[in-house]
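Novice: Have a look; sequence and predicted model below, questions after that.
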Number of protein chains: 2
Amino acid sequence: MKLQVAIDRVTLDDAVKLTHELDGVVDIIELGTSLIKDYGLLALKDAPFNIHNSRVLYDLKTNDEGAYEFEKGFESNADILTVMAGSSLDTIKQVYDVTEKYNKEMLIDLLEVDNNKIKDITSFDNAIYGLHHSKDSKDSFDAVDTLDKFKKSFPEVKKIAVAGGIDLKQAKAISAQGIANTIIVGGKIVKTDNPVESAKQFMEAIK
Amino acid sequence: MKLQVAIDRVTLDDAVKLTHELDGVVDIIELGTSLIKDYGLLALKDAPFNIHNSRVLYDLKTNDEGAYEFEKGFESNADILTVMAGSSLDTIKQVYDVTEKYNKEMLIDLLEVDNNKIKDITSFDNAIYGLHHSKDSKDSFDAVDTLDKFKKSFPEVKKIAVAGGIDLKQAKAISAQGIANTIIVGGKIVKTDNPVESAKQFMEAIK
């Protein structure tokens, strides 16, 4: 299983610093939506991230104008980009085509969509499907149970990621369960006193 | 009825130039999602838009982390910000509270949501509800018919905007119908040889 660390709601300088620390420690470094909307893709492209040993995901959260956004994102050095599952099917098809053309990866963010919507979009073989509990939602989130139900409903989906307040204990349980390919962790690594040490603990937990 | 002109997929310099031309000619100038994701809110805040006679909407398309994004958006000089209707209810509540606190406005983008979702979110009295046909969608869009059906389903909604390839003829029909408060026009103004003249024709059409 892979560990993706989300860097969000920090300055660009702090994002660069954190990235240098985490490069090679974790599998995937996510530059969060807040960095894109605060600073823009052009600034992310020019910033001295110099990521060599991890892959980099930009949490672009495309809703529309798919081809335009994905081309800009991949041209700005992303390895993986995200699209909202709630977008039109044509948008998801567009970004999938762009992703294949660039030989990169995409994650379909399943935030707030129901199984009726999901069943229409499970045919994108190379896409990662991201189970995602809203940061703003006050409902509780049981990642293991959600993964179990998702796998039973959509056995055809090959690549699954999960996000939503995952701690070390949950990371171990998700790893033991063996359904998710990637866990996404934000604050529980990045907002600790020692992000590198916290990241190493998560990497150990999912070994 | 008001006219909102969407500026999208251009350079920041061209957006500034267009804005100077359209300031005061149209009611609302929209700086589109592409400008936010390409350049970032901080760049939009610092750019010499100097809009004095129109209001300005940033098409932020918030999906999550609502309070953070809306605070950043309003601090970056937006009068109106957008949130996706497909977000969690908690996200929409958060951005509504931030909007009220700043004494500004918000538009709930109804892209790709069905009536089941809409009925849960019609209680935000001061929000604008934006009927929005995906730019990427290959389906056709009848704005007058869509507005008619929406008004019958949700008579409680007070402020309605509509977007999706609207031309002069449709603008006249929407104005005559009297349901929408705002029409949003993009390429049919901005991508013409003379955006100011095109904008004036639309303003005349909806008088």
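Specialist: Sure thing, it's come through.

Novice: On the three-state scheme, residue A:92 is what?
Specialist: Under DSSP: H, G, I helix; E, B strand; the rest coil, the three-state class of residue A:92 is helix.

Novice: ignore the last one, residue A:130
Specialist: Under three-state DSSP, the three-state class of residue A:130 is strand.

Novice: now the one 10 residues further on
Specialist: Following three-state DSSP, we place residue A:140 in the coil state.

Novice: Now the phi/psi pair for it, please.
Specialist: phi -80, psi 170 (degrees, to the nearest 10).

Novice: Near it, how many other residues are there?
Specialist: By other CB atoms under 10 Å in any protein chain shown, the residues close to residue A:140 number 8. C-betas here are computed from N, CA, C, even on glycine.

Novice: what separates the residue lying closest to residue A:2 once chain neighbours are set aside from chain B, distance-wise?
Specialist: Closest residue to residue A:2 apart from its sequence neighbours, by CB to CB, 6 or more residues apart in numbering or on different chains: residue A:27 at 3.9 Å. Taking CB to the nearest CB, to the nearest Å as the measure, residue A:27 falls 23 Å from chain B.

Novice: Residue A:29 contacts residue A:56, correct?
Specialist: Yes. With contact defined as CB atoms under 8 Å, residue A:29 reaches residue A:56; the gap is 5.3 Å.

Novice: quick one on the thing from earlier: got a pLDDT number for the residue nearest to residue A:2?
Specialist: pLDDT for residue A:27: 98.

Novice: coming back round to it: and residue A:29 and residue A:56? Which one has more around it.
Specialist: Using other CB under 10 Å as the criterion, residue A:29 and residue A:56 rank with residue A:29 on top: 26 against 18.

Novice: need the contact list for the more buried one.
Specialist: Residue A:29 makes contact with A:4, A:5, A:7, A:19, A:22, A:23, A:51, A:54, A:55, A:56, A:57, according to CB atoms under 8 Å, 6 or more residues apart in numbering or on different chains.

Novice: Can you tell me the closest non-neighbouring residue to the residue in chain A positioned nearest to chain B?
Specialist: Nearest residue of chain A to chain B: residue A:40, at 3.3 Å (CB to the nearest CB). Nearest non-adjacent residue to residue A:40, counting by CB to CB, 6+ apart: residue B:40, 3.3 Å away.

Novice: burial count for the one you found?
Specialist: Residues lying near residue B:40 (other CB under 10 Å) number 25.

Novice: can you check residue A:201 too?
Specialist: Using other CB under 10 Å, residue A:201 has 15 other residues around it.

Novice: so which helix or strand takes in it?
Specialist: Using DSSP states H and E, residue A:201 sits within helix A:195-205.

Novice: pLDDT (mean, whole number) over that helix?
Specialist: On average, helix A:195-205 scores 98.

Novice: Give the buried residues for stretch A:177-194.
Specialist: Under the neighbour-count criterion of 16 or more other CB atoms under 10 Å in any protein chain shown, stretch A:177-194 has A:179, A:180, A:182, A:183, A:184, A:185, A:186, A:188, A:189, A:190 buried.

Novice: export those to CSV and tack on pLDDT, distance to chain B and secondary structure?
Specialist: Shown next, in CSV, are the buried residues of stretch A:177-194 (pLDDT from 0 to 100; distance: CB to the nearest CB, whole Å; DSSP: H, G, I helix; E, B strand; the rest coil):
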residue, pLDDT, distance to chain B, secondary structure
A:179, 98, 23, coil
A:180, 98, 20, coil
A:182, 98, 18, strand
A:183, 98, 18, strand
A:184, 98, 13, strand
A:185, 98, 16, strand
A:186, 96, 11, coil
A:188, 97, 16, helix
A:189, 98, 17, helix
A:190, 97, 14, helix
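
Novice: From the rest of the structure, what touches the longest strand anywhere in chain A?
Specialist: Across chain A, the longest stretch assigned as strand under DSSP state E is strand A:55-62. For strand A:55-62, the surrounding residues in contact (CB under 8 Å, 6+ apart) are A:4, A:6, A:8, A:27-33, A:36, A:41, A:44, A:49, A:69-70, A:73, A:76-84, A:87, A:91, A:95, A:107, A:109, B:37, B:61, B:63-64.

Novice: Taking their axis directions, it and strand B:55-62 sit at what angle?
Specialist: Here strand A:55-62 runs at an angle of 130 degrees relative to strand B:55-62 (axes from the mean of the first three to the mean of the last three CA atoms, to 10 degrees).

Novice: Would you agree residue A:4 is in contact with residue A:31?
Specialist: No. Using CB under 8 Å as the test, residue A:4 is too far from residue A:31 to be in contact (11.1 Å).

Novice: what's near enough to touch the residue nearest to residue A:2?
Specialist: Shown in contact with residue A:27 (CB under 8 Å, 6+ apart): A:2, A:3, A:4, A:54, A:55, A:182.
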